[in-house]
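Undergrad: Show me the folded form of this:
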Amino acid sequence: MNRYEHLARLLSFDDWANRELLTALQACSDPAAVRAFAHLLSTQFLWQDRVAHRPLSTPFWPEWDIKECAVRLDLARAGWRNFLRGLDSAALDTTIRYVNTKGSYYTSTVGDVISHVLFHGAHHRGQVAAALRAAGAEAPTTDFIHAVRTGVLGSGGD
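TA: Down below sits the predicted model:
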């Protein structure tokens with residue numbers, strides 16, 4: 001599996017893990033959990049906008065309810081799939097320039113951006129899981145190895 005295939009697989013995992021959380025949030029829409037989940041989703045659009053050289057399309061901390069989060073989750077998945085079409089491993093080394101939310105200028109490779117999106121999602125999924133547990137709800141298991149073991153992703157040699 002090359003680097004491109006690996007990152008595409010990890011984006012599929014990220015989408016699956018977010019959908020697992022969405023299901024839990026639909027049963028217990030704790031405000032703190034929904035807020036963290038909405039932020040997790042909004043940053044997916046923020047980075048999709050940056051790699052496509054578009055103006056930012058969503059607020060950094062949106063006030064989305066769980067129904068809006070469900071819609072946005074589908075849009076985020078479609079956005080990553082569209083972005084990945086036609087890319088290859090070499091494209092992951094392409095550098096993009098952008099301004100962060102504080103007005104500072106940066107450059108990053110596309111591969112590093114995707115990696116950041118993945119780690120950022122894992123961080124906030126942990127926050128959502130903690131908020132769900134604090135609200136007395138059960139949080140789903142969203143570990144990568146769990147997804148592999150249960151056949152969600154299949155074996156990829158990782």
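Undergrad: Give me the contact list for stretch 12-24.
TA: 37, 40-41, 66, 69-70, 73, 76-77, 80, 117-118, 121-122, 125, 128-129, 132, 137-142, 144, 147, 152-153 (CB atoms under 8 Å, 6 or more residues apart in numbering). Just so you know, the C-beta spots here come from the backbone N, C-alpha and C atoms, and that holds for glycine as well.
Undergrad: Could you do stretch 53-70 as well?
TA: 22, 25-26, 29, 34-35, 37-39, 41-43, 45-46, 49-50, 72, 96, 101.
Undergrad: As a check, name the ranges of all strands in this structure.
TA: 95-99, 105-109 (DSSP state E).
Undergrad: Put together CSV for these, with distance to residue 85 and mean pLDDT on each row.
TA: Output for the strands of the chain, formatted as CSV (distance: least, CB to CB, whole Å; pLDDT from 0 to 100):
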stretch, distance to residue 85, mean pLDDT
strand 95-99, 17, 95
strand 105-109, 19, 97
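Undergrad: So among the contacts of stretch 53-70, which ones count as buried?
TA: 22, 25, 29, 34-35, 37-39, 41-43, 45-46, 49-50, 72, 96 (16 or more other CB atoms under 10 Å).
Undergrad: Narrow those to those in helices?
TA: 22, 25, 34-35, 37-39, 41-43, 45-46, 49-50, 72 (DSSP state H).
Undergrad: Low-confidence stretches in this protein?
TA: 155-158 (pLDDT under 70).
Undergrad: need the contact list for the residue nearest in space to the middle of it.
TA: By CA atoms, centre = their mean, the mean C-alpha position of the chain lies nearest to residue 121, the distance being 4.8 Å. Applying CB under 8 Å, 6+ apart, we find residue 121 in contact with 14, 17-18, 40, 44.
Undergrad: let's go with 10 Å and repeat that
TA: The contact partners of residue 121, by CB atoms under 10 Å, 6 or more residues apart in numbering, come to 10-11, 13-15, 17-18, 21, 40-41, 43-44, 76, 142.
Undergrad: count of neighbours near the closest residue to residue 32 other than its chain neighbours?
TA: Take residue 32 and drop its neighbours on the chain: the residue closest to it by CB to CB, 6 or more residues apart in numbering is residue 131, 4.3 Å away. When neighbours are defined as other CB atoms under 10 Å, residue 131 has 21 of them.
Undergrad: Which strand residues bridge residue 105?
TA: residue 99 (DSSP bridges).
Undergrad: no no, residue 109
TA: residue 95.
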